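**Student:** Below: sequence and its predicted model.
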Amino acid sequence: MDASNQPILFLWSMSPWASKVVHYLALRGIPYNQCIQPVTMPRPDLAALGVQYRRVPVLAYGRDIYCDTLLMLQKFEKWYPRGSEYKSISATDPTGRAMEHLLEKWTDVAVFASAAAAIPSEMDLCKDPQFQRDREELWGRPWTKEEQDRLKPAGLATLVENFDFLEQLLSDGRQWLLGSAGPGLADVHGESR
């Protein structure tokens with residue numbers, strides 16, 4: 001595929017949603033271009049495309065822009081279908097597809113909230129006033145050192161419970177969540193970065 005026709009993923013490196021898309025593309029061997037963005041607004045590259053959406057990743061493919069990670073994965077499945085030159089990693093059976101969906105919702109809702117609460121207030125990024133304002137706007141709660149320190153114990157406890165859930169899924173000795181020979185979409189969703 002000509003590099004000029006490749007999808008362009010706008011992201012910042014610590015975004016867990018961007019991580020899902022990057023890992024999905026890597027596992028499938030789908031070529032793409034990256035455009036690294038600032039952690040907080042403004043994002044001039046996206047603004048030049050007319051995008052004022054505050055979250056990343058954002059995907060540009062042809063003339064279309066996609067701002068939802070799940071929709072991006074669905075589009076990649078359509079653009080690069082099973083049987084194409086790119087490896088398929090999605091389940092083909094109803095149970096496997098249900099597990100993929102369950103893990104996608106679980107990590108995006110349950111795991112992410114506790115992970116955000118467990119972010120150490122000592123991180124340089126957490127001390128940045130612009131980052132604090134951005135996260136306060138996103139989460140609708142204070143993002144101060146005091147608030148992060150208050151939320152951290154419960155966040156860590158919930159993370160341990162979530163990792164225990166994954167350990168139970170793998171307790172029969174399998175390496176990958178659906179028991180396949182290699183990582184699949186369920187593993188991409190189950191990855192808690």
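**Tutor:** Good, I have the coordinates. Everything numeric here is computed off the predicted structure, so don't read it as measured data.

**Student:** Thr40 is in contact with Phe131, correct?
**Tutor:** Yes - contact criterion Cβ atoms under 8 Å: Phe131 and Thr40 qualify, at 5.7 Å. The way it works is simple: take the backbone N, C-alpha and C, and place the C-beta from them, glycine included.

**Student:** From the chain's centroid, how far away is stretch 39-55?
**Tutor:** Shown here is stretch 39-55, whose average C-alpha point lies 18 Å from the average C-alpha point of the whole chain (Cα atoms, centre = their mean, to the nearest Å).

**Student:** end-to-end on it?
**Tutor:** One end of stretch 39-55 to the other measures 9 Å (Cα to Cα, to the nearest Å).

**Student:** Which positions within that stretch qualify as buried?
**Tutor:** For stretch 39-55, burial by neighbour count (16 or more other Cβ atoms under 10 Å) applies to 39-41, 43, 45-46.

**Student:** ok, now stretch 95-109?
**Tutor:** By neighbour count on 16+ other Cβ under 10 Å, the buried set for stretch 95-109 is 96, 99-100, 103-104, 106-108.

**Student:** outside of the longest helix seen in the chain, which residues touch it?
**Tutor:** For the chain, the longest helix by residue count, based on DSSP state H, is helix 145-169. Contacting residues not belonging to helix 145-169 are listed as 106, 110-111, 113-121, 126-127, 141, 177, 190, 192 [Cβ atoms under 8 Å, 6 or more residues apart in numbering].

**Student:** Any chance of a PyMOL selection covering the buried ones in those?
**Tutor:** With 16+ other Cβ under 10 Å as the burial test, the buried ones among the contacts of helix 145-169 are selected in PyMOL as follows:
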select buried, resi 106+110+111+114+115+116+117+118+119+121+126+177+190+192
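
**Student:** So which of the contacts of helix 145-169 are in helices?
**Tutor:** Using DSSP H, the contacts of helix 145-169 in helices are 113-117, 126-127, 190.

**Student:** so who does Arg54 touch?
**Tutor:** By Cβ under 8 Å, 6+ apart, the contact set of Arg54 is 41, 134, 137-138.

**Student:** Tell me the buried residues within the residues you listed.
**Tutor:** Of the contacts of Arg54, these count as buried by 16+ other Cβ under 10 Å: 41, 134.

**Student:** Which parts of the chain are strands?
**Tutor:** If you assign secondary structure with DSSP state E, the strands in the chain sit at 8-11, 33-36, 58-61, 64-66.

**Student:** Just put those strands in JSON lines and tack on distance to Ser90, mean neighbour count and mean pLDDT.
**Tutor:** Putting those into JSON lines (distance: least, Cβ to Cβ, whole Å; neighbours: other Cβ atoms under 10 Å; pLDDT from 0 to 100) gives the following:
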{"stretch": "strand 8-11", "distance to Ser90": "19", "mean neighbour count": "20", "mean pLDDT": "98"}
{"stretch": "strand 33-36", "distance to Ser90": "23", "mean neighbour count": "14", "mean pLDDT": "98"}
{"stretch": "strand 58-61", "distance to Ser90": "18", "mean neighbour count": "21", "mean pLDDT": "97"}
{"stretch": "strand 64-66", "distance to Ser90": "18", "mean neighbour count": "15", "mean pLDDT": "97"}
